[in-house]
Structure formats: C-alpha cells, structure tokens
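Student: Could you look at this predicted model? Sequence included:
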Amino acid sequence: MGKNSGQQGDAKSTKDKAAAARAESQAAEKRRERLIRIIGGVGVLVVVVAIIGVAIVARSADSGSTDGRALPDVNPAAALPTGVLGSDSEYPYALPYGTGTGSAPVLQLWEDFQCPACAQLELINGSGIKELATTGQVQLLLRPTAFLDRNLNNTSSAEAINAWGCAVDQGKTAEYSGIVFANQPTEGAGFSLDQLIGFGEQAGITGSQFDSFSQCVNDGTYLGWAVNSTDAFYANEVRGTPTGYLNGQELDGAQLADQAELQRLVDEASGN
C-alpha cells in the first residue's frame, strides 16, 4: 500500500508540475500570437529576410562546457525514438516524417530548438514543409542538433530533443516540436524539464501515455540520440540552422520559408 501511495504522489507531483508549466507556456503563447499579428501587419517578406539575417552559424564542436545535467558520450548503440534511423543509415539519427517513398526527393531539415530563426521558419512555413511530406512529394528527414548548447552554455537543446523523442514514441512528432518552437524562451534562458513535460500535455499526450512520456523525459532516455545527432551535424559540416538539403543541394532559411520557391525546387528535383 505504501508503494502505491508513493506512486500516486509521484503522479500527482508530475501533473502539478505540468500544470504549472502549462500556465507559464500560455504566457509564451500570447507572445507568439502578438508576433503573428505583427507578421500579418508588416508582411511575410520582412520575416523571411529576418530568417536570413539571424540564421545561427555553428561553432566548433569543442567550444566550451554547458550548464545542466551531464550528457552522455557519443554512442552509436544509444536508444533511439520510434522510427529514427540508426547509425548505419545513409542519414544516421534522422527521423523520417510523412509518406514519401524512394522515388521522391529527399529533404533533410536541420534545426535546433533554441534557434530563433528555426522558430521563425516553423511559424512561417513549418506546415508547408510538412505538407510536402504528408502528400508524398518529398521524403522528409527531420534532423535535430543541439549545437547551440555550446553557444549558450546550457544543455537545453539536448533536453528538448530528448523530450521530443519521448513525444515521438507517443505519436506526437509534429505536435510536440511545434509547441516547443512556439514557446521558445529568450536566448540563453533555456527550457526547464517541467516546461518540456507540460508541452507534452499541450500536444495531446494523456493518461498512461503521459505518465510514460514524463518518465522518459525525466530519465533522459534519448539524450544519447541528441548527442549522436549533434555529432552527425558536425560530421556533415552543416554551417548552421535552419538548413535544408534537397537531394544533397543546400537550401537556406529563406528558400525553406518561401513555399512557392520550395515547391518549385521540389518539382525540379522530381523532374516535373
């Protein structure tokens, strides 16, 4: 009986923390709504130009230490979320998204959850990019990186990738990543674990699935994935985020944000 009581207490504590994080993120959502109204007033073109200006450039892989819980070393045997490609793949540690088959062009998308330009891209054309994937026009490979942890002296990007992996296991891939970007903190502030758990509830993870998700986040189940994918980011000499590769051709943030231009490039790569 004592054990069950403790488990109930832990569950209640987790839900209380999630509720507090939800209240905090609602304030961030209001800021996001104000941003949308601003974008509507000044036009998307200005924001697309801003993406070019603030795209974050990667620093050397060996720069500095970070604040937060210790991250594991690179380990090809580390646990991976459902569907993530293994270390022996052509695209190691990438997460396929959508219905594109082998005949469709491959679109890789590198993003960091602490990258402001990535949040802008998701706001402007995240749905358009994913529509290309869900309609089978591209094979979309989502490729997370935590290189900004070194720039900002925290481990928040890795923690967000870990939490995202936990949400992927619960079938909330796009929902969760969208909420994380929509609630991106001020530069350097980072995400708390309570916030990341609260985002899961907002993404629609409930009941026993939410309990599993929360445990996964707290345990750091997929921190190894975050480390491995970031190592692949450096190995591929990706210059910064957001960056895309369409059949190996590099695309910058402005091209990714312009759906008409991106559609033209996809059609061209498809031979249409």
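Tutor: It's in.

Student: what's the distance between the helix or strand containing Trp164 and the middle of its chain?
Tutor: In this assignment (DSSP states H and E), Trp164 forms part of helix 156-169. Relative to its chain's centre, helix 156-169 lies at 8 Å (C-alpha atoms, centre = their mean, to the nearest Å).

Student: who does the helix or strand following it touch, helix- and strand-wise?
Tutor: Downstream of helix 156-169, the first helix or strand assigned by DSSP H and E is helix 173-182. Contacts defined by 3 or more C-beta pairs under 8 Å, 6 or more residues apart in numbering; DSSP states H and E place helix 173-182 against helix 2-42, strand 95-97, helix 116-134, helix 156-169, helix 193-202. C-beta: built from backbone N, CA, C; applies to glycine.

Student: sorry, back to before: the helix holding Trp164 relative to helix 193-202, how many degrees between them?
Tutor: Calculated by axes from the mean of the first three to the mean of the last three C-alpha atoms, to 10 degrees, helix 156-169 forms an angle of 30 degrees with helix 193-202.

Student: Quick check: which helices or strands does helix 156-169 pack against?
Tutor: So helix 156-169, by 3+ C-beta pairs under 8 Å, 6+ apart, packs with helix 148-152, helix 173-182, helix 193-202, helix 207-219, helix 223-235.

Student: Distance from the chain centre to the third one, please.
Tutor: Average the C-alpha atoms of helix 193-202, do the same for its chain, and the two points are 14 Å apart (C-alpha atoms, centre = their mean).

Student: Send me the helix holding Trp164 as CSV with only the CA atoms.
Tutor: Only the C-alpha atoms of helix 156-169 are listed here, as CSV (Å, rounded to 0.1, in the frame of the first residue of the first chain):
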residue,chain,number,x,y,z
SER,A,156,18.6,22.9,-23.2
SER,A,157,18.6,22.0,-26.9
ALA,A,158,19.6,18.4,-26.0
GLU,A,159,16.9,18.2,-23.3
ALA,A,160,14.3,19.5,-25.9
ILE,A,161,15.5,16.8,-28.4
ASN,A,162,15.2,14.2,-25.6
ALA,A,163,11.7,15.3,-24.8
TRP,A,164,10.7,15.4,-28.5
GLY,A,165,11.9,11.8,-28.8
CYS,A,166,9.7,10.9,-25.9
ALA,A,167,6.8,12.6,-27.7
VAL,A,168,7.6,10.8,-30.9
ASP,A,169,7.2,7.5,-29.1
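
Student: sorry, back to before: per-stretch mean pLDDT over the helices and strands packed on helix 173-182, give me the minimum one.
Tutor: With a mean of 47, helix 2-42 has the lowest mean pLDDT of these.

Student: doesn't Tyr91 make contact with Arg143?
Tutor: Yes: with contact defined as C-beta atoms under 8 Å, Arg143 reaches Tyr91; the gap is 7.4 Å.

Student: So for those two, which residues contact both of them?
Tutor: Gln108 (C-beta atoms under 8 Å, 6 or more residues apart in numbering).

Student: the more surrounded of those two?
Tutor: Arg143 (24 against 16; other C-beta atoms under 10 Å).

Student: Need phi/psi at the more buried one.
Tutor: phi -130, psi 100 (degrees, to the nearest 10).

Student: how much space between it and Val238?
Tutor: 8 Å (C-beta to C-beta, to the nearest Å).

Student: tell me, what's touching the two both at once?
Tutor: Trp110.

Student: quick one: secondary structure of Ile205?
Tutor: Under DSSP: H, G, I helix; E, B strand; the rest coil, Ile205 falls in the coil class.

Student: now swap in Gln108 and tell me
Tutor: Gln108 is classified as strand under three-state DSSP.

Student: pLDDT wise, what is it at?
Tutor: At Gln108, pLDDT is 98.

Student: can you tell me how far it sits from Gly220?
Tutor: For Gln108, the distance to Gly220 - C-beta to C-beta - is 26 Å.
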